[in-house]
Structure formats: structure tokens, C-alpha cells
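Undergrad: From the sequence below, what's the structure:
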Amino acid sequence: NDQFHSVRKYQYPDSIRHIDQKKSARYQTLMTRIYDSYHNHHLIIGCDLGRSMMGDIGNSRKKDFYLSAALHLAENAVSAKDMVSFFAFHQTVTMTLPKSHRIEHFALLDPNSEALQVKPIESNYEILTQSVNSISKQRSIVVILCDLTRPSVQESLISSIGHLCRKHLVVLMSVVDKEVTVEDKLRTLSSSKLTDEQYSDLLYGYWLEDSFQLFEQRVAQLGGGVITAPERHWLDMTTKMYHLLRTSLRL
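TA: This next block holds a predicted model:
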């Protein structure tokens, strides 16, 4: 049997079997008993392999940044004695690694594996909720690794993750290519007079930044979170993010 750990406020989808009637009456709100199996978290990692993941960042394939982050997250979770699951997807799920406490289980995250190859097709983000719920029925930490810089991806995610955010603690995570940011473009301009092409490029960059800020706000309204990091801080950010998520009920 699971060992008793603590009592806290009830939150869906906690089991009603664990509601503490005496504590609920005392505090005038539903209180639930938490056991070790609930205290130890379940991390579910989803990795996008669709069109937006094609190309390079610096001297490395974009996909390799995300698979490295997935393995790094798994290592952090295993060290914290949490369960970890992984799935990769584009139009369909191409790989699933069911929950495990062993990091050796994730040796299958080989970038050269056929199941982990990026395809030049648009990803179907509608499958995220079904994929996550097929792995775990209980509230879990869900990290979706995908390129969030494209407005088309942003719109598809917003229309797809509402139910997922209501049940799980969801974070969307993306590496940022520093060379395409407005700040970096301004820094590299060689003259005070812009060409028409440079001016148009800057305007497009500002539009992308505005679109992303709106996207962050909309995800927050759904109850999820968005985290981005430049390549040099990418893996460090995954560690900090996971420690934050483990101690937070909501981002």
C-alpha cells in the first residue's frame, strides 16, 4: 500500500476516495489525502518531429537540440525519483516510451532512429491530448518540445491544448535561434540608413515578436506555460524548469 504523505486542497482529477472528511469540515473546503505515489511525479515529454523542426541552429540540427533536452529532462526526473514517459509525433505518434524510473530506458532516443526522423509535413497537435491521456490518467507534468516561433504552430497549439491544460501541468518549450531575433538583427546592421529589404525584415521581426507575446498570454489563460531559451542556455534551462515544475501546482 502507498504510504500517507500529507493533506492538501482537493483538485481535479484527484480521486474522491482520498477526500478527508474531517479536514474538509474543519477548513470548509474539500481536502484530500496525498500518498507517496502522488508525491512522486510523472513527467511526460512530447517531441515534435514535423516540418517546423527541419533545419539547423548553428552547426547542429534543430531536432538534436530537442532530443537532447528530452534526455536531459528524463535524467533530472529519474534523479528526483519521478516516473518519465516520452512520445514523438508529427501527423501521428511515431514513438512511445512508457513510464519508467530507469534512465537506461531512454537510450532508445537515438537521433538516427527511423522513428525519430523529422518529416516535411505539418504536425497534428490535436493528437496531444489523446497521446498524453493514453499514457497517464492522473495529473502529470507535461513538457511539449517544439518550435514555437512560427505563428502557424502557435495557432494550432492554442486550438489544441485547452483540455490538456485543464487536466495536467503543461509547459511548451522552444529553443530560440539568436540569429533571427530583432535584437540580433539590429546589432548587426552596418549603417544607419536601412535598405528596403532590411526595413521589411525588421518589420516582420517585430510582427513575429508581437505574435509570440500574444501567444504566451493565451497559453497562460489556458493554464499552461511557455519557456524559450537561446541555444547556449538550453540544457541549463531544462534543469531549472523541471525543478520549478516539481514544486509548483501551477506555472
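
Undergrad: Show me where the stretch 1-150 of the chain dips below the pLDDT cut-off.
TA: Applying pLDDT under 70 to the stretch 1-150 of the chain flags the ranges 1-5, 13, 34-39.

Undergrad: which residues in the stretch 151-251 of the chain form helices?
TA: Ranges of helices within the stretch 151-251 of the chain are 151-158, 162-167, 182-188, 196-222, 234-246, based on DSSP state H, counting those that start in this stretch.

Undergrad: right, and those helices - which one's nearest Met53?
TA: helix 151-158 (9.9 Å; CB to CB). In this view, the C-beta of every residue, glycine as well, is placed from N, C-alpha and C.

Undergrad: Show me which residues of that closest one are buried.
TA: Residues 153-154, 156-158 are the ones in helix 151-158 that count as buried (16 or more other CB atoms under 10 Å).

Undergrad: now stretch 132-147
TA: Residues of stretch 132-147 classed as buried: 132, 135-136, 139-147 (neighbour count, 16+ other CB under 10 Å).

Undergrad: would you list those residues in a markdown table and tack on distance to Glu197 and secondary structure?
TA: Shown next, in a markdown table, are those (distance: CB to CB, whole Å; DSSP: H, G, I helix; E, B strand; the rest coil):
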| residue | distance to Glu197 | secondary structure |
| --- | --- | --- |
| Val132 | 43 | helix |
| Ile135 | 47 | helix |
| Ser136 | 49 | coil |
| Arg139 | 50 | coil |
| Ser140 | 47 | coil |
| Ile141 | 44 | strand |
| Val142 | 41 | strand |
| Val143 | 38 | strand |
| Ile144 | 35 | strand |
| Leu145 | 33 | strand |
| Cys146 | 30 | coil |
| Asp147 | 24 | coil |
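
Undergrad: biggest separation within those residues, which pair?
TA: Using CB to CB, the pair of these lying farthest apart is Arg139 and Asp147, separated by 26.9 Å.

Undergrad: I'd assumed Tyr125 was in contact with Ser156.
TA: Yes: the criterion here is CB atoms under 8 Å, and Ser156 meets it with Tyr125 at 4.7 Å.

Undergrad: Spit out the residues that contact those two alike.
TA: Counting by CB atoms under 8 Å, 6 or more residues apart in numbering, no residue touches both Ser156 and Tyr125.

Undergrad: now the helices for the stretch 1-150 of the chain?
TA: Ranges of helices within the stretch 1-150 of the chain are 21-27, 36-39, 62-79, 127-135, based on DSSP H, counting those that start in this stretch.

Undergrad: Report the buried residues of the third one.
TA: Residues of helix 62-79 classed as buried under the neighbour-count rule (16+ other CB under 10 Å) are 62-63, 65-78.

Undergrad: which other helices and strands contact that helix?
TA: Other elements packing on helix 62-79 under the criterion 3 or more CB pairs under 8 Å, 6 or more residues apart in numbering; DSSP states H and E are strand 42-48, strand 83-89, strand 141-145, strand 169-176, helix 234-246.

Undergrad: Let me know which of these is tucked in deepest.
TA: Ranked by mean neighbour count, the helices and strands packed on helix 62-79 are led by strand 141-145 with a mean of 26 (mean count of other CB atoms under 10 Å).
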